[in-house]
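In: have a look at this prediction, sequence included:
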Amino acid sequence: MHVVELTEPGVFEHRERPRPDPAPDEVLVAVKHVGICGSDVHYYEHGRIGDYVVEDPLILGHESAGEVVDVGSAVNGLEPGDEVALEPGVPCGECARCRAGEYNLCPDVEFMATPPDDGAFAEYVAWDADFAYRLPETVSTRAGALCEPLSVALHATRRAEIGLGDSVLVTGAGPIGMLVSEAVRAAGAGSVLVSDVVESKLERAEAYGATATVNAAEESLEDAVAEFTDGEGVDAVIEASGAPPVLEAATDVVRRGGTVLCIGLSAEDEIPIETNEIVDKELDFRGSFRFRNTYDDAVSLLERGAVDVEKIIDFEMPMSRLTEAFERAMEPDVVKGMVTVGE
Ligand SMILES: NC(=O)c1ccc[n+]([C@@H]2O[C@H](COP(=O)([O-])OP(=O)(O)OC[C@H]3O[C@@H](n4cnc5c(N)ncnc54)[C@H](O)[C@@H]3O)[C@@H](O)[C@H]2O)c1
Ligand SMILES: C[C@@H](O)[C@H](N)C(=O)O
């Protein structure tokens with residue numbers, strides 16, 4: 001089968017590998033669509049993310065969906081011809097965190113496109129059937145692939161305990177921030193203020209249903225939130241930019257008793273946070289890591305039209321032009337690039 005390997009930073013090589021056979025509990029999936037994530041781009045540019053270093057040729061891509069072409073002998077409920085979205089992390093199922101149901105925190109998870117685990121820029125992927133979710137006829141594999149970033153957004157929305165009528169500040173209008181805006185609305189948020197530093201992304205966020213937007217490069221976030229909430233502060237800040245100044249401001253702009261939820265990963269190891277403010281305002285200050293138990297809900301939200309993931313896609317290109325697709329995905333106004341695999 002045809003695959004694309006990252007062999008060194010900035011270099012993709014198109015190669016042939018043997019087509020895998022599904023293990024008894026696996027399905028073999030002919031990959032149809034794979035979204036390009038910021039982490040894929042980071043590995044492409046730098047060959048590493050923190051301690052995860054690409055030492056051997058690595059297949060990138062973890063936002064994927066395709067068609068089942070074969071099933072292992074122990075698989076029930078899926079059959080050839082079914083279209084599925086693939087949840088990219090398969091946890092060990094045995095550790096304390098897995099047993100507690102927090103399988104996204106499993107230290108031994110096999111996560112696609114994270115060294116040394118290969119991803120989905122390949123004609124076929126053999127994957128644990130428990131982590132393959134059937135797509136209804138009305139949900140395309142193009143949308144199904146985006147169950148992955150949507151899952152990041154759903155998990156964050158749950159971690160922030162967003163409820164009916166809440167006011168939410170979403171910082172960062174990249175794919176994650178855009179989908180967080182969708183997810184908090186689906187959860188009942190009453191108003192959503194979105195910040196970014198790129199004007200075109202804020203325009204997209206507004207078209208995408210943000211109640212208001214603020215360009216943090218030109219306006220004070222504190223003033224914008226004060227105006228948005230009549231001086232009260234937002235019920236929740238969901239941080240999806242990874243930009244240090246945003247985290248520094250978060251404790252100021254959230255209301256007393258509110259929540260600051262961090263999704264964004266910063267390039268800085270340390271960021272000054274006003275810890276006394278966390279105590280004094282009795283804030284919930286939380287992180288959100290990947291996702292758990294979100295795929296069924298992601299598929300259901302797509303089926304009901306309760307969220308729209310298509311709007312974040314800027315372009316679609318075949319895997320034969322993967323280098324061009326990655327270079328385009330790095331342009332500052334691009335939110336999401338989509339890659340097609342197969343015919
Ligand atoms: N916790 C997780 O499980 C998880 C999963 C996926 C992504 N992430 C992280 O979440 C963040 C968002 O992911 P993404 O793919 O949307 O990234 P992205 O880089 O595409 O988007 C980040 C956005 O933040 C904007 N931004 C930069 N500085 C800003 C500022 N001062 N104020 C407001 N906005 C600012 C950028 O213009 C960009 O639009 C990244 O840090 C990523 O590493 C975390
Ligand atoms: C969750 C996923 O989208 C993220 N890029 C990660 O590798 O953790």
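Out: Cool, the structure landed. Ligands and ions are numbered 1, 2, ... in the order given.

In: tally of neighbours for His248?
Out: Just so we're on the same page, residue 248 is Glu rather than His. As a burial measure, Glu248 scores 14 neighbours (other CB atoms under 10 Å). From N, CA and C alone the C-beta is placed, and that goes for glycine too.

In: look up phi and psi at it.
Out: Backbone geometry at Glu248, expressed as degrees, to the nearest 10, gives phi -60, psi -40.

In: and the stretch 151-300 of the chain, which residues reach ligand 2?
Out: Neighbours of ligand 2 within the stretch 151-300 of the chain, by CB under 6 Å from any ligand atom: 152, 290.

In: change it to 8 Å
Out: Neighbours of ligand 2 within the stretch 151-300 of the chain, by CB under 8 Å from any ligand atom: 151-152, 289-291.

In: domains of this protein?
Out: Following automatic domain parsing, the chain resolves into domains at 2-146+309-340, 159-287.

In: quick one: the ones you listed as a markdown table, columns for mean pLDDT and distance to Leu302 too.
Out: As requested, the domains of the chain are exported to a markdown table (pLDDT from 0 to 100; distance: least, CB to CB, whole Å):
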| stretch | mean pLDDT | distance to Leu302 |
| --- | --- | --- |
| domain 2-146+309-340 | 97 | 5 |
| domain 159-287 | 96 | 11 |
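
In: ok, which of the ones you listed comes nearest Leu301?
Out: Distance to Leu301, taken as CB to CB, is lowest for domain 159-287 among the domains of the chain, at 6.0 Å.

In: so what's the gap between the closest one and the chain middle?
Out: 17 Å (CA atoms, centre = their mean, to the nearest Å).

In: out of the domains of the chain, flag the one nearest Ala298.
Out: domain 2-146+309-340 (7.5 Å).

In: hmm, the closest one touching ligand 2?
Out: Yes: Domain 2-146+309-340 reaches ligand 2 (CB under 8 Å from any ligand atom) through 37-40, 49, 62-63, 88-89, 111, 113-114.

In: what's the ChimeraX syntax to select whichever of those are buried?
Out: Buried residues among the residues of domain 2-146+309-340 next to ligand 2 (16 or more other CB atoms under 10 Å), as a ChimeraX selection:
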select :37,38,39,40,62,63,88,89,111,113,114
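
In: with distance to Gly163 and secondary structure added, can I get the residues of domain 2-146+309-340 next to ligand 2 in a markdown table?
Out: Putting the residues of domain 2-146+309-340 next to ligand 2 into a markdown table (distance: CB to CB, whole Å; DSSP: H, G, I helix; E, B strand; the rest coil) gives the following:
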| residue | distance to Gly163 | secondary structure |
| --- | --- | --- |
| Cys37 | 29 | coil |
| Gly38 | 29 | helix |
| Ser39 | 30 | helix |
| Asp40 | 34 | helix |
| Ile49 | 34 | strand |
| His62 | 30 | coil |
| Glu63 | 28 | strand |
| Pro88 | 29 | coil |
| Gly89 | 28 | strand |
| Phe111 | 31 | strand |
| Ala113 | 34 | coil |
| Thr114 | 33 | strand |
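
In: I'd like the residues of domain 2-146+309-340 next to ligand 2 as JSON lines, with distance to Ala143 appended.
Out: Output for these, formatted as JSON lines (distance: CB to CB, whole Å):
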{"residue": "Cys37", "distance to Ala143": "16"}
{"residue": "Gly38", "distance to Ala143": "19"}
{"residue": "Ser39", "distance to Ala143": "20"}
{"residue": "Asp40", "distance to Ala143": "19"}
{"residue": "Ile49", "distance to Ala143": "27"}
{"residue": "His62", "distance to Ala143": "16"}
{"residue": "Glu63", "distance to Ala143": "11"}
{"residue": "Pro88", "distance to Ala143": "16"}
{"residue": "Gly89", "distance to Ala143": "20"}
{"residue": "Phe111", "distance to Ala143": "22"}
{"residue": "Ala113", "distance to Ala143": "20"}
{"residue": "Thr114", "distance to Ala143": "24"}
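
In: before we move on, the earlier item: need the domains of the chain in CSV with distance to Asp296, can you?
Out: Shown next, in CSV, are the domains of the chain (distance: least, CB to CB, whole Å):
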stretch, distance to Asp296
domain 2-146+309-340, 7
domain 159-287, 14
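
In: just the endpoints, please. Distance across stretch 138-151?
Out: 19 Å (CA to CA, to the nearest Å).
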